[in-house]
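# everything below, folded, please.
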Amino acid sequence: MRKIFLILFLVLFLIGLSYTKKAKPKVSLASTHVKTAIERVSEQKLREYLTNLTDNDDIAGPDQKQTRYSPYNGEKGKPRGNRVEAEYIKSHFDSLGLESSFQDFTVGGAGTRNIIGRIKGRKENEVYILTSHMDSTAAMSGTNNPAPGADDNGSGTVLVMESARVLKSLGVSFEYSLEFIAFSGEEQGLIGSYYYVDHIPQGKVVKGVINVDMVGYGPNSECVNFYYWPNTGSNILTSKILEVNSKYNIELNIRTGSSTNGRSDHAAFGYAGKPAAFGYECGINNNPTYHSVQDTMDKINFSQLTKTAKAVAGALVELANAESLPSPNTPTPGGPTTTNSPGIPPTTPTATPVLPAPTSKLYNCYPDPKCSSGQKNIQLCPLICYPK
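A predicted model of the protein is given here:
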């Protein structure tokens, strides 16, 4: 009898041991890399990049008197800030060991360029893209020199630069390629991003685009909107940002929903049927430095900017390693929706005005009504376009 009890005891012990081993939670490799990426995002680096972008290299000592206005490239006595800062961004990508290149085009007869950095994935021709526009304007101040553009859009540009540094530093082989792009010509009607989309080579698959434009202003709350372009599967992008923000306790307040707000570079991709998301500060309509010479670093909420960079970088790590996402062309289930972080009131996404290709025959385009009557010309004000 004692032998029977001993045998039963051993059997039950072995079963329990087996169950314990099976029940032990596993930490996925992707989760480990996401956590590392989030930890490596540096506020100090973001400050360093933004200091360089806003400083006029032609003036001795530190200042915030640079202009990155697209038609100013140093030709015929014009300020050369746009060209200088494009070189700076490319040199940053080069220093990280990214494949980097310029994409040249013209704005108002002046030469300018997009700056592209690339991390090649195992599926080389399938790519996730993080974008910003690096050009600036100070139209509301009646000038474009200086036009420091610390928030618009130095904040988005340094987020792209820091995300590139962090993801490259992981030293992992991503499933999909990653591109980091700083567009020029945005303030003149998304010219740089339309040029890029028009020149996507055959066989290249854009799996998703996250565009960040003005994510640094937040005097009262650390809140950023992330809206997705409807009916393109773009909600996958914003859902991943929300998931990373929550799972890793980043504590950024995020508003989300669907929108065809076309006033930044994501629109060039959205109109082309590519999955695209748009990140911008919740306080954008109350930003007193919009398109002015007062858009300087002292107005930037670096805690908000750093948290936004953490959420985006972490999301890109997961997206670039994922293998089971729905097709990018899958319509958004259930149509447009809006969800909010706790304590953040809902907002209605703006459907119009939109910014289509500036040469389109289907739209009437006008200067931004926020510009004063004396400044309403294409050289100083961004265009807003409405269907004819």
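# so which residues of the chain form helices?
2-23, 29-40, 43-54, 81-96, 156-169, 191-198, 235-247, 266-270, 302-321 (DSSP state H).
# and the fifth one, what does it pack against?
This points to helix 156-169. Counting contacts by 3 or more C-beta pairs under 8 Å, 6 or more residues apart in numbering; DSSP states H and E, helix 156-169 packs against helix 29-40, helix 43-54, helix 81-96, strand 110-119, strand 123-133, strand 176-183, strand 205-212, helix 302-321. All C-beta atoms are positioned from the backbone trio N, CA, C, and that covers glycine.
# for the longest one, what does the pLDDT average out to?
When you say that, I think you mean helix 302-321. Averaging pLDDT along helix 302-321 yields 97.
# tell me which residues in that helix are buried?
For helix 302-321, the neighbour count (16 or more other C-beta atoms under 10 Å) marks 302, 304-321 as buried.
# any stretches of the stretch 201-350 of the chain with poor pLDDT?
322-350 (pLDDT under 70).
# now distance to Ser184 too, for the helices of the chain, in TSV please.
Shown next, in TSV, are the helices of the chain (distance: least, C-beta to C-beta, whole Å):
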stretch	distance to Ser184
helix 2-23	55
helix 29-40	28
helix 43-54	13
helix 81-96	6
helix 156-169	11
helix 191-198	5
helix 235-247	24
helix 266-270	13
helix 302-321	21
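# figure out which of these is closest to Tyr280.
Across the helices of the chain, Tyr280 has its closest neighbour in helix 156-169 (8.4 Å, C-beta to C-beta).
# how far off helix 29-40 does the closest one point, in degrees?
Orientation check (axes from the mean of the first three to the mean of the last three C-alpha atoms, to 10 degrees): helix 156-169 against helix 29-40 gives 130 degrees.
# just want the angle from helix 156-169 to strand 176-183.
Following the same axes, to 10 degrees, one obtains 150 degrees for the angle between helix 156-169 and strand 176-183.
# quick one: buried residues of helix 156-169?
156-168.
# farthest-apart pair in these, please.
Greatest spacing in the buried residues of helix 156-169, by C-beta to C-beta: Gly156 and Lys168 (18.8 Å).
# show me the contacts for Asn56.
With contact taken as C-beta atoms under 8 Å, 6 or more residues apart in numbering, Asn56 is in contact with Asp63, Lys65, Gln66, Thr67, Gly81, Pro146.
# any figure for the gap between the nearest residue to Leu98 once chain neighbours are set aside and Ser303?
Spatial nearest neighbour of Leu98, excluding adjacent residues (C-beta to C-beta, 6 or more residues apart in numbering): Gly117 at 4.0 Å. Look at Gly117 and Ser303: by C-beta to C-beta, to the nearest Å, they are 26 Å apart.
# okay, now the closest residue to Glu85 other than its chain neighbours: neighbour count?
Spatial nearest neighbour of Glu85, excluding adjacent residues (C-beta to C-beta, 6+ apart): Arg68 at 5.2 Å. Counted with other C-beta atoms under 10 Å, residues neighbouring Arg68 total 31.
# what do you get for His199?
Using other C-beta under 10 Å, the number of residues around His199 comes to 10.
# residues contacting the residue nearest to it when sequence neighbours are not counted?
Distance criterion C-beta to C-beta, 6+ apart; nearest residue to His199, sequence neighbours excluded, is Gln103 at 7.4 Å. Listed by C-beta under 8 Å, 6+ apart, the contact set of Gln103 reads Arg113, Asn114, Ile115, Ile116, Gly192, Tyr195, Tyr196, His199.
# now render the residues you listed as TSV, adding pLDDT and distance to Asn249.
Shown next, in TSV, are those (pLDDT from 0 to 100; distance: C-beta to C-beta, whole Å):
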residue	pLDDT	distance to Asn249
Arg113	98	39
Asn114	98	35
Ile115	98	33
Ile116	98	33
Gly192	98	36
Tyr195	97	40
Tyr196	98	35
His199	97	41
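# what's the farthest-apart pair in those?
Maximum pairwise distance among these (C-beta to C-beta): 14.7 Å, between Ile115 and His199.
# still on that earlier bit, what's the closest of the buried residues of helix 156-169 to Ser258?
Gly156 (20.9 Å).
# quick check, pLDDT for that closest one.
Looking at Gly156, its pLDDT is 98.
# quick one: buried residues of stretch 168-182?
For stretch 168-182, using 16+ other C-beta under 10 Å, the buried residues are Lys168, Leu170, Val172, Phe174, Glu175, Tyr176, Ser177, Leu178, Glu179, Phe180, Ile181, Ala182.
# show me the contacts for the residue lying closest to Gly192 once chain neighbours are set aside.
Sequence neighbours aside, Phe183 is the residue nearest to Gly192 in space, at 3.6 Å (criterion: C-beta to C-beta, 6+ apart). Phe183 makes contact with Asn114, Thr131, Ser132, His133, Met134, Asp135, Leu190, Gly192, Ser193, Tyr196, Asp265, according to C-beta under 8 Å, 6+ apart.
# got the contact list for the last one?
What that stands for is Asp265. Contacts for Asp265 (C-beta under 8 Å, 6+ apart) come out as Thr131, Ser132, His133, Phe183, Glu186, Leu190, Gly192, Ser193, Asn211, Asp213.
# give the bridge partners for the residue lying closest to Glu124 once chain neighbours are set aside, please.
Spatial nearest neighbour of Glu124, chain neighbours left out: Ser177 (5.6 Å); criterion: C-beta to C-beta, 6+ apart. Beta-bridge partners for Ser177, by DSSP bridges, are Val127.
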